[in-house]
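Novice: Fold the following for me, if possible:
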Amino acid sequence: MTTTHVSEKQARQTAEAARESEWRKPSFGKELFLGRLRLDLIDPRPDAPPSADAEDFLAKLGAYLRTDVNGPQIERDARIPDEVFQGLARLGAFGMKIDKEYGGLGLSNLHYCKALTLTGSVNPAVAALLSAHQSIGVPQPLKSFGSAEQKKAFLPRLAAGEVSAFLLTEPDVGSDPARLGTVAEPVEGGYRLNGLKLWATNGTLATLLVVMARVPEKGITAFVVEGDSPGITIERRNAFLGLRGLENSVTRFHDVFVPEANVIGGLGKGLKIALTTLNTGRLSLPAMCVGAGKRALTIAREWSADRVQWGRPVGEHEAVAKKIAFIAATTYAMESMLDLSCLIADDANNDIRIEAALVKLFASEMAWKVADELIQIRGGRGYETADSLTARGERGAEAEQILRDLRINRIFEGSTEIMHLLIAREAVDAHLSVAGDIIDPDAGLGRKARAGARAGAFYARWLPTLAVGQGQNPTGYAQFGPLAHHLRYVERASRKLARSTFYAMSRWQGRLERKQGFLGRIVDIGAELYAIAAVCVRARAEDRPEGRELADLFCRQSRLRAEALFATLWENTDRLDVKAASRVLAGRYAFLEEGVIAPEPSADEAWVAAWRRGPAEVPDVRRRVPPLD
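Specialist: Residues are numbered from 1 along each chain as shown. Purely as a prediction, here's the structure:
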């Protein structure tokens with residue numbers, strides 16, 4: 001295996017160097033973690049950008065999906081038909097986020113996410129195809145970092161229907177890119193690429209790739225690579241629990257020539273490009289979670305009204321009613337968070353890196369719970385496949401497929417655990433910017449002294465603001481009517497969250513980065529507070545009684561979760577859990593594994609497959625969709 005070995009410190013330094021370290025625009029999420037409820041940043045909610053073209057496209061897309069895309073057939077065949085690719089290309093769906101000057105539709109983030117929600121409701125694998133192509137594939141990095149020549153060369157092709165993919169992950173490298181093993185060696189006129197990439201969504205059929213590779217002495221760099229270049233082999237198509245139509249590959253590069261002109265954004269800028277791309281790219285996953293929530297609500301509502309047990313529809317029994325209420329309120333909240341995040345992204349007046357990460361985290365976790373509750377409401381029929389239900393004369397509700405398809409969202413584009421750490425790092429950025437050298441073991445006495453002076457001045461101004469606020473004013477946020485008390489709670493809880501973070505930094509100092517259980521709860525509280533604010537702002541903007549009812553319901557449910565998280569900040573089993581896990585890893589509790597029969601691994605089976613530089617030793621399994629006539 002040719003993966004680079006790095007220390008934990010080097011890995012952290014690589015990740016830190018790739019961060020956007022400056023805050024050029026205000027951020028609602030950043031202020032929230034600092035104990036400041038800046039409602040003025042999100043209320044009044046920005047208006048959706050008017051676009052007759054976008055509305056026309058959504059109407060045509062909806063009509064096409066209803067009549068020409070057979071979601072159950074894609075699930076059965078584990079394959080999206082060529083005709084679907086061609087039909088989407090004719091509509092312009094592969095150019096939704098590409099500017100009109102390059103042949104795209106130039107949709108706003110809001111309309112783009114509406115399109116993904118619509119598509120995912122028919123088949124999530126098709127939505128994942130479009131999302132991976134545009135949110136993290138070639139179009140978005142080129143839009144933000146590409147040269148004029150690169151945009152002219154590649155974007156029209158992609159808008160017309162060619163498919164792109166993003167290749168970062170390797171067999172032994174996931175969220176730790178400092179160990180990247182794919183290398184781009186300088187040669188005359190460009191670079192020679194060697195390496196192996198894993199889990200490339202769209203990789204089996206992409207004709208243009210964004211590839212992250214290490215350039216010696218320059219760092220990780222992003223390249224646009226032609227998918228049919230000599231030396232590229234698609235070694236296999238991976239199969240998964242859900243998203244059965246997903247075209248996901250293992251891709252080998254052996255002495256692949258990449259022209260110098262195909263470097264995106266400059267040498268060594270690859271990780272920064274990837275992270276910046278994800279700031280808005282992460283909005284695509286919540287769009288599909290919203291679609292799943294809406295579908296789950298329809299199934300739960302119709303089934304629970306029709307199915308009678310003990311003389312009453314099951315939806316009238318409190319045990320089931322609570323689940324229906326959770327599904328409805330949570331779907332309203334996911335959509336509210338997503339729409340707000342898209343609107344402020346389109347407004348371009350705010351930095352949305354924290355908000356996009358929070359909605360990705362919240363929606364992926366809560367949609368999974370929504371699907372789980374739907375299965376429970378449906379009982380045995382929830383566990384049964386749609387085809388099986390249809391075969392015996394019942395409505396083929398795809399509850400178990402929704403569950404399987406949603407599960408990957410807690411891993412895609414940053415697992416929940418990584419999202420906790422990423423958001424936590426941004427949440428404590430203000431503290432580290434003034435006091436980081438105090439807890440840095442490599443900082444000398446001079447740096448520590450200067451940091452102490454900066455920290456003293458910052459905290460002298462900041463800490464008094466956490467004592468009292470508008471949340472203690474009984475008439476605060478009166479413009480929100482019956483929802484005002486929920487926003488008063490958010491204001492109070494925001495200050496409490498900031499005080500808790502400050503106390504944790506004082507208590508643990510440099511060890512705080514290892515307190516991942518604590519940091520995860522801090523972030524989850526922030527996500528709940530953002531969700532409460534988003535539903536209140538939406539309910540006020542839309543001014544309809546049904547929305548206020550759902551907003552109030554969600555806020556009450558969310559506040560209970562937030563209070564439970566606050567309670568476990570300091571009363572938990574984190575230390576005991578870590579100690580127990582170390583004992584498990586050491587084999588102390590191996591006796592628990594006795595009494596079952598496990599398959600014996602063969603001598604060449606490993607948890608992480610080894611790979612070596614060189615030509616492919618297996619047939620190429622790439623797929624090519626015939627071009628439009």
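Novice: Remind me what the helix ranked longest in the chain packs against, helices and strands.
Specialist: As assigned by DSSP state H, the longest helix anywhere in the chain is helix 318-347. Packing partners of helix 318-347 (3 or more CB pairs under 8 Å, 6 or more residues apart in numbering; DSSP states H and E): helix 109-122, helix 284-306, helix 353-378, helix 516-542, helix 545-570. C-beta here means a position set from N, CA and C on the backbone, and glycine is covered the same way.
Novice: For those helices, could you give me JSON lines that also reports mean pLDDT and distance to residue 98?
Specialist: Listed next are the helices and strands packed on helix 318-347 as JSON lines, based on pLDDT from 0 to 100; distance: least, CB to CB, whole Å:
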{"stretch": "helix 109-122", "mean pLDDT": "96", "distance to residue 98": "11"}
{"stretch": "helix 284-306", "mean pLDDT": "97", "distance to residue 98": "15"}
{"stretch": "helix 353-378", "mean pLDDT": "97", "distance to residue 98": "20"}
{"stretch": "helix 516-542", "mean pLDDT": "97", "distance to residue 98": "28"}
{"stretch": "helix 545-570", "mean pLDDT": "98", "distance to residue 98": "34"}
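Novice: And these: which comes nearest residue 167?
Specialist: helix 284-306 (17.9 Å; CB to CB).
Novice: Please enumerate the strands of the protein.
Specialist: 164-167, 183-187, 190-201, 208-215, 219-226, 232-237, 248-259, 263-264, 308-309, 312-313 (DSSP state E).
Novice: Quick check: which of those strands is buried the most?
Specialist: Greatest average neighbour count among the strands of the chain goes to strand 164-167 (a mean of 28), per mean count of other CB atoms under 10 Å.
Novice: per-residue confidence averaged over it?
Specialist: Regarding strand 164-167, the rounded mean pLDDT is 96.
Novice: and residue 145, what does it touch?
Specialist: By CB atoms under 8 Å, 6 or more residues apart in numbering, the residues touching residue 145 are 222, 264-265, 269, 273, 276.
Novice: same check, this time on residue 374
Specialist: Shown in contact with residue 374 (CB under 8 Å, 6+ apart): 296, 299-300, 327, 382, 399, 402-403.
Novice: Same question for residue 413.
Specialist: 136, 278, 281-282, 285, 360 are the contacts of residue 413 under CB under 8 Å, 6+ apart.
Novice: Now do the closest residue to residue 282 other than its chain neighbours against residue 289, distance only.
Specialist: Closest residue to residue 282 in three dimensions, ignoring its sequence neighbours and counting by CB to CB, 6 or more residues apart in numbering: residue 360, at 4.2 Å. For residue 360, the distance to residue 289 (CB to CB, to the nearest Å) stands at 9 Å.
Novice: same question, residue 585
Specialist: Separation of residue 585 from residue 289 (CB to CB): 33 Å.
Novice: now do residue 110
Specialist: Per CB to CB, residue 110 is found 16 Å from residue 289.
Novice: swap in residue 34?
Specialist: Per CB to CB, residue 34 is found 28 Å from residue 289.
Novice: more neighbours, those two?
Specialist: residue 289 (30 against 23; other CB atoms under 10 Å).
Novice: list the contacts for that one?
Specialist: 334, 363-364, 366-367, 406, 409.
Novice: where are the low-confidence patches of this protein?
Specialist: 1-19, 21, 175, 435-442, 448 (pLDDT under 70).
Novice: still on that earlier bit, what's the burial count for the residue nearest to residue 282?
Specialist: 30.
Novice: hang on, it packs against residue 288?
Specialist: No. The criterion here is CB atoms under 8 Å, and residue 360 misses it with residue 288 at 11.0 Å.
Novice: What separation is there between residue 585 and residue 599?
Specialist: 21 Å.
Novice: So between those two, which is more surrounded?
Specialist: The neighbour count for residue 585 versus residue 599, taken as other CB under 10 Å, is higher for residue 585 (9 against 6).
Novice: What's the separation between the residue nearest to residue 149 when sequence neighbours are not counted and residue 225?
Specialist: Leaving aside its chain neighbours, residue 149 sits nearest to residue 261 (6.8 Å; criterion: CB to CB, 6+ apart). Note on residue 261: its distance to residue 225, by CB to CB, is 12 Å.
Novice: Also residue 83?
Specialist: 28 Å.
Novice: Please apply the same query to residue 39.
Specialist: Separation of residue 39 from residue 225 (CB to CB): 46 Å.
Novice: Would you mind confirming that residue 171 is in contact with residue 199?
Specialist: No. Contact status for residue 171 versus residue 199: not in contact, 9.4 Å apart, counting by CB under 8 Å.
Novice: For residue 471, list the residues it contacts.
Specialist: 37, 487-493, 495.
Novice: which residue sits closest to it in space, ignoring its chain neighbours?
Specialist: The shortest distance from residue 471 to any non-neighbouring residue, by CB to CB, 6+ apart, is to residue 491 (3.2 Å).
Novice: Tell me how many other residues crowd that neighbour.
Specialist: By the criterion of other CB under 10 Å, residue 491 has 23 neighbours.
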